[in-house]
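Asks: below are the sequence and a predicted model for it; my questions follow.
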Amino acid sequence: MIGLLDRLARPFLHALDPEDAHGLAIKMLKFAPLPPPPRDDKRLALRVFGLNVPNPVGIAAGFDKNAEVPDALLRLGFGFVEVGTITPKPQPGNPRPRLFRLDADHGVINRLGFNSQGADAALKRLVARAAAGGIVGINVGANKDSPDRVADYVQLIERFAAVASYVTVNISSPNTPGLRNLQQASVLDDLLARVVDARERIAPNAGPTPVLLKIAPDLSLGDLDDVVGIARSRRVDGMIVGNTTVARPPNLLETAIAKEAGGLSGRPLYPLANRMLAETYVRVEDVFPLVGAGGIDSGATALAKIRAGASLIQVYSGLVFRGLGLIAEIKNALLEALEDDGQDSLKEFIGADAAAVTAEPWPK
Ligand SMILES: Cc1cc2nc3c(=O)[nH]c(=O)nc-3n(C[C@H](O)[C@H](O)[C@H](O)COP(=O)(O)O)c2cc1C
């Protein structure tokens, strides 16, 4: 059913403007009568951030920005869904066109700029599905015109903690001017102190909501030292490595589209994202788990991401080029790797190659 829907829809979606195609995909998910997913093999289950995750394959933030279809996404077989980025107030984002496909490179450039229906709309939807179960995290960000960006994050944690499996503090979008400055040491320390404090304050009512930090793959290693040090000292529950890159690898084929401003994702992001994940893993020293995102588009790249240090992985751009079959392909590849290795849990793979990856020449 899912395979058929996917095969019929994909050529059509590819013929459309990328943002129209995305809007249509959300509509289809809203109305498609999807069956419940087949039960995952229990060897794919992991306990991460205090959550029981049925399989490690998640959908990254930015696909379901307004929490319209989290349950449809769970039914497609994702082990967890991250909705958002949500901002406190609604905002339109940047003018269109702002989403571009680099077909020959299997890459995407976006400069959406946190187009968001705002917290009220998303909250209403998450409250309505709160009893449905499944792991649904929310990714939060600051409004572009906010006079106090830290206060935006604090209020979103307070409002969403009770209905979200986890909250991701997104300070790494390249498309909100100045947002990534929140990754600077003194600012980040204050931000995380206040965010974690807000989480503790509401925990008696909302329960223990894990707080994750999502970083850019463009940090220098010196900055990464600081960011990991602060994340550890402020006791965040995990990090997502990472967001899109403002870099443009020299070997891109779609040279004209590559000049568009925005964050690059998909296959061309993979080498940098994987390296930054491994660099983060060796600095975190198992104090908290990591989520790996960036360029996963096959079973092999998913497994390599786990071996570079990810407990969980997220996909987005890969779905555009490979379709929904990618979800099952990854799960099957992971099970095959477990069989080959005689393991009954993915735990043994997590970070197994991290040190080796950090010893490679820096990816171009
Ligand atoms: C169209 C688009 C929109 C995105 N929007 C967000 C967002 O709102 N918040 C966020 O944290 N990341 C966002 N991302 C980044 C993804 O969550 C992910 O970190 C990144 O694309 C790398 O994964 P991928 O190579 O599998 O796409 C977006 C990515 C794309 C392609």
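Replies: Great, that's in hand. Numbering: from 1, shown residues only.

Asks: can you pull the contacts of the spatially closest residue to Pro250 that is not a sequence neighbour?
Replies: In space, and not counting its chain neighbours, Pro250 is closest to Lys364: 6.1 Å by CB to CB, 6 or more residues apart in numbering. (Glycine included, C-beta is placed from N, CA and C.) Going by CB atoms under 8 Å, 6 or more residues apart in numbering, Lys364 touches Pro249, Pro250, Asn251, Pro271.

Asks: isn't the first one right next to Pro268, touching?
Replies: Which is Pro249. Yes. If you go by CB atoms under 8 Å, Pro249 and Pro268 touch, sitting 5.2 Å apart.

Asks: now stretch 231-249: average pLDDT?
Replies: Mean pLDDT, stretch 231-249: 97.

Asks: one step back: roughly how far apart are the residue nearest to Pro250 and the ligand?
Replies: 17 Å (CB to the nearest ligand atom, to the nearest Å).

Asks: what of Lys27?
Replies: 16 Å.

Asks: count the residues that sit near that residue.
Replies: Close neighbours of Lys27, defined as other CB atoms under 10 Å, add up to 12.

Asks: can I assume it sits in a helix?
Replies: Yes. Lys27 forms part of a helix when assessed by DSSP: H, G, I helix; E, B strand; the rest coil.

Asks: begin at 12 from now on, thanks
Replies: Sure, I'll start numbering at 12, so the last one becomes Lys38.

Asks: ok, it - contacts?
Replies: Lys38 makes contact with no residue, according to CB under 8 Å, 6+ apart.

Asks: could you point out which element follows the longest strand anywhere in the chain?
Replies: Longest strand of the chain, by residue count under DSSP state E: strand 91-97. Per DSSP states H and E, the first helix or strand lying C-terminal to strand 91-97 is strand 110-113.

Asks: Tyr327 touches Gly73, doesn't it?
Replies: Yes. With contacts counted by CB under 8 Å, Tyr327 reaches Gly73, the gap being 6.1 Å.

Asks: can you list the neighbours in contact with stretch 203-220?
Replies: 61, 161, 164-165, 168-169, 172-173, 175-178, 180, 222, 224, 241-242, 245-247.

Asks: mind exporting stretch 51-66 as CSV, just the C-alpha atoms?
Replies: The C-alpha coordinates for stretch 51-66 follow below in CSV (Å, rounded to 0.1, in the frame of the first residue of the first chain):
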residue,chain,number,x,y,z
ASP,A,51,9.3,-3.8,14.4
ASP,A,52,11.8,-6.6,15.1
LYS,A,53,12.7,-6.2,18.7
ARG,A,54,16.4,-6.3,17.9
LEU,A,55,15.9,-2.7,16.5
ALA,A,56,14.5,-1.4,19.8
LEU,A,57,16.6,0.9,21.9
ARG,A,58,16.2,2.8,25.1
VAL,A,59,17.4,6.3,24.5
PHE,A,60,16.9,9.5,26.5
GLY,A,61,14.6,7.5,28.8
LEU,A,62,12.4,6.7,25.8
ASN,A,63,11.6,3.2,24.4
VAL,A,64,12.2,3.7,20.7
PRO,A,65,10.9,0.8,18.6
ASN,A,66,13.4,1.4,15.8
